[in-house]
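> build me a model:
(2 chains)
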2 protein chains.
Amino acid sequence: MRKFDLLTPVDAVAKLNAALDAAGYGPAHGIAATEVIPTMRARDRVLARDIVSPTPMPEFRRSAVDGYAVRANATPGVLRVIGEVRMGEIAPFAIRYGEAALVHTGGNLPEGADAVVMLEDTVPLTLDDRRQAEPTDGSLPSVLVRQWKIQTNKKLAPGENAIQPGEDVKAGEVVVRAGMRLREQEIGGLLALGVTQVEVIRKPRVALIASGDELVPAESETRPGQVRNINAPMLAALVARNGGEPFDFGILPDVRAAFEEAAQRAMREVDMVIFMAGSSVGERDFVPEVVNAMGEPGILAHGILFRPGKPTLFAVCNGKPVFGLPGNPISALVTGMLFAMPALWRIQGALNPPEPRFIRATLAREMKSPQDLEHWFPVRLGIGDSRSEKSNFVQFPIANRHSPLWAEPISTKSNLIFGLARADGIACAPIGVEHLAASAEIDVRLFD
Amino acid sequence: MRKFDLLTPVDAVAKLNAALDAAGYGPAHGIAATEVIPTMRARDRVLARDIVSPTPMPEFRRSAVDGYAVRANATPGVLRVIGEVRMGEIAPFAIRYGEAALVHTGGNLPEGADAVVMLEDTVPLTLDDRRQAEPTDGSLPSVLVRQWKIQTNKKLAPGENAIQPGEDVKAGEVVVRAGMRLREQEIGGLLALGVTQVEVIRKPRVALIASGDELVPAESETRPGQVRNINAPMLAALVARNGGEPFDFGILPDVRAAFEEAAQRAMREVDMVIFMAGSSVGERDFVPEVVNAMGEPGILAHGILFRPGKPTLFAVCNGKPVFGLPGNPISALVTGMLFAMPALWRIQGALNPPEPRFIRATLAREMKSPQDLEHWFPVRLGIGDSRSEKSNFVQFPIANRHSPLWAEPISTKSNLIFGLARADGIACAPIGVEHLAASAEIDVRLFD
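Residues are numbered from 1 along each chain as shown, chains lettered A, B, ... in the order given. Have a look, this model is predicted:
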C-alpha cells in the first residue's frame, strides 16, 4: 500500500463492480443457490425467478364503489332494485334493462350489469317507509328490496365503476421480476394470486474473520492490554440487516498459517469474506498476501483515498467478494456500510437494494479535512434556528420537521466506537476539499 | 364520518400524538414491559434504561499510532530502543529519558512514556544490518531491538499520539440513553465495555383484525366472489420491521358481536390494535362504535382528508393506540406506513425511530389531484435525461447516481395492490393542490 497506488473510492468501487460483473453478478443475477420459503416470510428476500400470475386478477367482475349495478344504457332514469349482492358471493340473479342491484365495493358485478352507479348519485323513490329505508349507509333491509326503486340523473358509460377480470393482472403475466427485493406490496400481491411459496436467493454466507493478538471475544473479561472483539458482532448485525448470513470465524492469532487456513475454509464454505484488521502494511498484516492466493482476479484495490479506513482492501477471488477492513471499529463499521454492504446486495442480484437515507443540514461549525482523502465524518443533528438550541437532540422523524436542521461534527480523536454512537449520521468532505465552512449546507447520510 | 368532520392528516396526527403523550408515551417512555436480551441481538430494540459505563474506556493508556513510546521532553533527539510492546500485553519495562519502545496502534503505552513519535517521523540509526532491519513495516526483528537507535527531528508535546484511560468514556458516564433504538455502534460500544446483556422495551404486541364476509385466509383457495386476506400478512411484515410483534386475530365475520369480542380480547392481550376494514360508514362498519366502547379518550379522528384512505380512524383507548385502516390493500398499507408505524415507535419510546427516505425527482407527466385531499400517489422512478429513456428501471442505489431522476405516476384505477408493487415510492400532492405540472420537482418517499 504505497501512497501513489491508492485509488479514489469511486475508482475502487468501479473496479470491484466490474470484477463482480465479470464473475456473473448483477441485477437479477445473484449467487446460484436458491431456496423456497413461505411468501409471508419473504420480506427483504430477493426473488430468484420471475413470477407469472397463475390467474387473472381480479378473478371476477367487481364493483369499484358502493352503489347499484345497472345497465349503463338504462341511465339516467328510474330503476327497480331487485336485490343485493352479498360480499363473498356471486350474484344469484342477472340484471335486465331497467333493473338495479345493490353492490358493495369489491363485490361481484351481476350478469347483465355493465356499470355501477354510485350510491350518492341515486335517490330512493319508494315512499312507504322512507325514513327507515333511506340508504345512507349502503345497505337495504332485505324485506324492502323487492319494493324499492331508485332514480339517477347520472348518465353512465359502459364499464363505469366496474373492474373487469384481469384488469389488474392477466393470467400468464410476469407480476414480480427476478431480482426484486420483496416488500410488503409484493408479498400482498403474490398472496392475492395464491402464490404462497416463493423461490428466493439463499442468504449469502459471509465469513467474518477478525485478528489481533490483543483481541478477546466480546463476551470475555479482559486482562490489561486486551480489548474485546466488537467488530465481528457489529459486522454480523450489519450483514444480517442486509440479507446475508454472518459466520463468525473467530479471532485469528497474528500467525500467517492461521490466515491461510481461515481463507481456505472461507472459500469452501461461504459466498463473501470480510477480514477485520490485518490489511495494512505491518509485519502482522497477512491479509494482502493471503487474499492474493485465494483466487483470481485477486486484489483490486489495496488502500483507498478514504477516511476512516485508508487501509481497506477490495478483492474478488474465484467469484467471491473479499474485503479487508481496518481493525479500528469506526473504520470497520463505516467501510462495511459504504463498501461491503452494496457488494452483498449485488451478489444477491437485487434490483432494488435499500437506498441510503440522506438529509440536508447546515454545518454547525467549520470542518477541516485532509485534502487528499474522501473524508466521512460523524455528525450529530440538532433542530432550532438559533445556535443556543444546539443542545436539542433530534427526536422523532426528522423528515416531518419544518425547522432548520444543523449538523455538528463529532470529534473522535481516539477513534473509539462511541464517536459513532453519539452520531446520527456521517457527512462527506470530498477529495480536494480541505475546509467546509460553518453554515455550509451538507448532505448527511443517516445511520439506518 | 361526515365530510365537514374530516381532519387534515397533520391535525389528525397531532391529536393522536397528544393523546399518546397524555397516556404517558414519549421519548424514552415506551410501554412498561421490558425484557433482558443479549446485546449482540439487540439491533433495532429500544433501550429501557440509561446504561452507565462500568469501566473507563480505554481501560489502559494506549498509543494512537504505530511508532515509538517516548518521553516528550527527550524529543527531538537520538533515542535508544529498549523493546517492543506486544499487542494484548502490558509493557514489562518503563521508559526513561532518552529511551524509546516500539508500540503498535492500540497497544499499551509503557510506564514513563508520555507520547508516541510516529514511525514515519523517525530514522533508524544502527547500521550493522540496515537493509534487513529498516522498519518500513512497523516492526522490528526482536534480536535487533537492543542494539537499535532512532533519531527524530520532531518535537513532541506531552500526551501527543497517546490516549489516556477514560478519554473516550469515563466510568459512571451514561454511554447510551434510555430510548435509543440500538444500532451497530451502540452494540459495539456496549460490548466493548463488557455489557453483554441489555434491558429493552418488550416488542409491543399489535393485534391485526381483518373483517369482511368476502375474505378468506391468504393461504386458502378462493371461491368466486371471495378474495384472500392480504392486509394481515402485509401489516404483519410492516409491524415486524418496525419493532412490533404482530398477532393475527383472523378474519371477523360482518357481525357486531364478533367485533366486540375481538376488541375485548385485544384490550387484554396487546399494546396496539389495527382493524383492517370496517371503519367506514356502511351497515357492516362496526369499527367506530366498537372502538368508542374500548376506552377513553376513544376516537380522535374518523375520516381524514387523505388519499388513499379517507375512512381511516385514529383512536387511543385506555392508553393503547387503535387504528381503523381501510380494507382496500393500497390504503391499508399506505396508512399503516404513514400513520400506524410512527405510533408503534412512539409506544416503544424510541428517540431515534427510522427516518423515511426521500429523494428528489422530476415528475414525468402531469398529475391531477383532488383539491380537498392530501393525495399520495405511487410513482416509478427512472433514470436518463431524455423522455425516451423512461423505460429504464432504476437499478442499484439511486443515491449514487448523478443522472437526473424522473418519477412517473402509476395509474391504479382498480386500487389493487400491484399498483404499489410497480412503484418505487409515493409522492404527495398537498391539500389545495389540484395539479402538479409535468417536470415539477417532487420529493418521493421511497419504500423501504
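
> tell me what the helix or strand residue A:82 falls within is packed against?
Taking DSSP states H and E as the criterion, residue A:82 maps to strand A:77-85. Applying 3 or more C-beta pairs under 8 Å, 6 or more residues apart in numbering or on different chains; DSSP states H and E, one finds that strand A:77-85 contacts strand A:67-70, strand A:99-103, strand A:149-152. To be clear about C-beta, it is placed using only N, CA and C from the backbone, and glycine gets the same treatment.

> relative to chain B, which of those is closest?
With respect to chain B, and counting by C-beta to the nearest C-beta, the nearest of those is strand A:99-103 at 10.7 Å.

> the closest one pairs with which strands?
Partners of strand A:99-103 in the sheet, by DSSP bridges, are strand A:67-70 (antiparallel), strand A:77-85 (parallel).

> which residue is nearest the centroid of chain A?
Central residue of chain A (C-alpha atoms, centre = their mean): residue A:354, 3.5 Å from the mean position.

> how many residues are close by residue A:29?
18 (other C-beta atoms under 10 Å in any protein chain shown).

> right, and it touches residue A:349 too?
Yes: Residue A:29 is within contact range of residue A:349, at 4.7 Å (criterion: C-beta atoms under 8 Å).

> name the residues contacting each of those two.
Contact criterion C-beta atoms under 8 Å, 6 or more residues apart in numbering or on different chains; residues shared by residue A:29 and residue A:349: residue A:179.

> can you list phi and psi of the residue nearest to the centre of chain A for me?
When read as degrees, to the nearest 10, the backbone of residue A:354 gives phi -60, psi 140.

> likewise for residue A:122?
Residue torsions, per degrees, to the nearest 10, at residue A:122 are phi -120, psi 160.

> quick one, helices of chain A?
In chain A, the segments counted as helices under DSSP state H are A:9-22, A:130-133, A:184-192, A:231-241, A:256-269, A:287-292, A:329-335, A:341-346, A:418-421.

> turn these into JSON lines, including mean pLDDT and distance to chain B.
Listed next are the helices of chain A as JSON lines, based on pLDDT from 0 to 100; distance: least, C-beta to the nearest C-beta, whole Å:
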{"stretch": "helix A:9-22", "mean pLDDT": "95", "distance to chain B": "9"}
{"stretch": "helix A:130-133", "mean pLDDT": "44", "distance to chain B": "12"}
{"stretch": "helix A:184-192", "mean pLDDT": "96", "distance to chain B": "4"}
{"stretch": "helix A:231-241", "mean pLDDT": "98", "distance to chain B": "4"}
{"stretch": "helix A:256-269", "mean pLDDT": "97", "distance to chain B": "14"}
{"stretch": "helix A:287-292", "mean pLDDT": "95", "distance to chain B": "12"}
{"stretch": "helix A:329-335", "mean pLDDT": "96", "distance to chain B": "6"}
{"stretch": "helix A:341-346", "mean pLDDT": "96", "distance to chain B": "7"}
{"stretch": "helix A:418-421", "mean pLDDT": "88", "distance to chain B": "4"}
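
> the ones you listed: which one's closest to residue B:153?
helix A:329-335 (29.4 Å; C-beta to C-beta).

> before we move on, back to that, what is the mean pLDDT for the strand holding residue A:82?
The average of the pLDDT scores along strand A:77-85 is 94.

> and the gap between the residue in the stretch 251-400 of chain A that chain B sits nearest to and residue A:256?
For the stretch 251-400 of chain A and chain B, the shortest gap (C-beta to the nearest C-beta) falls at residue A:283, measuring 3.7 Å. Computed with C-beta to C-beta, to the nearest Å, the distance linking residue A:283 and residue A:256 is 10 Å.

> before we move on, what about residue A:354?
38 Å.

> do the same with residue A:345
For residue A:345, the distance to residue A:256 - C-beta to C-beta - is 33 Å.

> any idea which of the strands paired with strand A:99-103 is most buried?
Highest mean neighbour count among the strands paired with strand A:99-103 (mean count of other C-beta atoms under 10 Å in any protein chain shown): strand A:67-70, with a mean of 30.

> so the closest residue to residue A:424 other than its chain neighbours bridges to which residues?
Spatially, and ignoring its direct neighbours in sequence, residue A:424 is nearest to residue A:381 (4.4 Å; C-beta to C-beta, 6 or more residues apart in numbering or on different chains). Beta-bridge partners for residue A:381, by DSSP bridges, are residue A:407.

> just checking, residue A:381 touches residue A:422?
No: in this structure, residue A:381 is not within contact of residue A:422 by C-beta under 8 Å, at 11.2 Å.

> the two: who's more crowded?
Legend: neighbour count by other C-beta under 10 Å for residue A:381 and residue A:422, higher for residue A:381 (22 against 17).

> per-residue pLDDT of that one, please?
Model confidence at residue A:381 (pLDDT) stands at 89.

> near chain B, anything from stretch A:113-129?
No: using C-beta under 8 Å from any C-beta of the partner chain, we find that stretch A:113-129 stays clear of chain B, coming within 9.5 Å at best.

> for that stretch, what is the distance to the chain centroid?
In terms of C-alpha atoms, centre = their mean, to the nearest Å, the centre of stretch A:113-129 is found 46 Å from the chain centre.

> in that stretch, what counts as buried?
Applying a neighbour-count criterion of 16 or more other C-beta atoms under 10 Å in any protein chain shown, one finds A:113-119, A:121-122, A:124 buried in stretch A:113-129.

> so residue A:215 touches residue A:329, yeah?
No: counting by C-beta under 8 Å, residue A:215 does not reach residue A:329; the two are 11.3 Å apart.

> lowest-confidence helix or strand of chain A?
helix A:130-133 (a mean of 44; mean pLDDT, DSSP states H and E).

> the strands in the stretch 151-300 of chain A, which residues?
A:162-163, A:174-176, A:197-201, A:205-211, A:215-217, A:227-229, A:245-252, A:272-276, A:297-302 (DSSP state E, counting those that start in this stretch).

> go through the ones you listed and pick out the most buried.
strand A:272-276 (a mean of 29).

> does chain B sit close to that strand?
No: judged by C-beta under 8 Å from any C-beta, strand A:272-276 stays clear of chain B, getting no closer than 11.5 Å.

> could you spell out the sheet neighbours of that strand, each with its direction?
By DSSP bridges, strand A:272-276 pairs with strand A:205-211 (parallel), strand A:320-325 (parallel).

> using a markdown table, please lay out those together with distance to residue B:81 and mean pLDDT.
A markdown table is the format used below for the strands paired with strand A:272-276 (distance: least, C-beta to C-beta, whole Å; pLDDT from 0 to 100):
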| stretch | distance to residue B:81 | mean pLDDT |
| --- | --- | --- |
| strand A:205-211 | 26 | 97 |
| strand A:320-325 | 29 | 98 |
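
> could you export these as CSV, including distance to residue B:151?
Output for the strands paired with strand A:272-276, formatted as CSV (distance: least, C-beta to C-beta, whole Å):
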stretch, distance to residue B:151
strand A:205-211, 32
strand A:320-325, 33
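
> looking at the ones you listed, which is closest to residue B:175?
So among those, strand A:205-211 is nearest, using C-beta to C-beta, at 22.6 Å.

> next, the angle strand A:245-252 makes with the closest one.
20 degrees (axes from the mean of the first three to the mean of the last three C-alpha atoms, to 10 degrees).

> quick one: contacts of strand A:205-211?
Under C-beta under 8 Å, 6+ apart, the answer for strand A:205-211 is A:229, A:231-232, A:235-236, A:239, A:244-254, A:258-259, A:262, A:265-266, A:269-278, A:284, A:286, A:327, A:344.

> so who does the nearest residue to the residue nearest to the centre of chain A once chain neighbours are set aside touch?
Leaving out its chain neighbours, the residue that sits closest to residue A:354 by C-beta to C-beta, 6+ apart is residue B:448, at 6.6 Å. Applying C-beta under 8 Å, 6+ apart, we find residue B:448 in contact with A:183, A:354, B:241, B:354, B:357.
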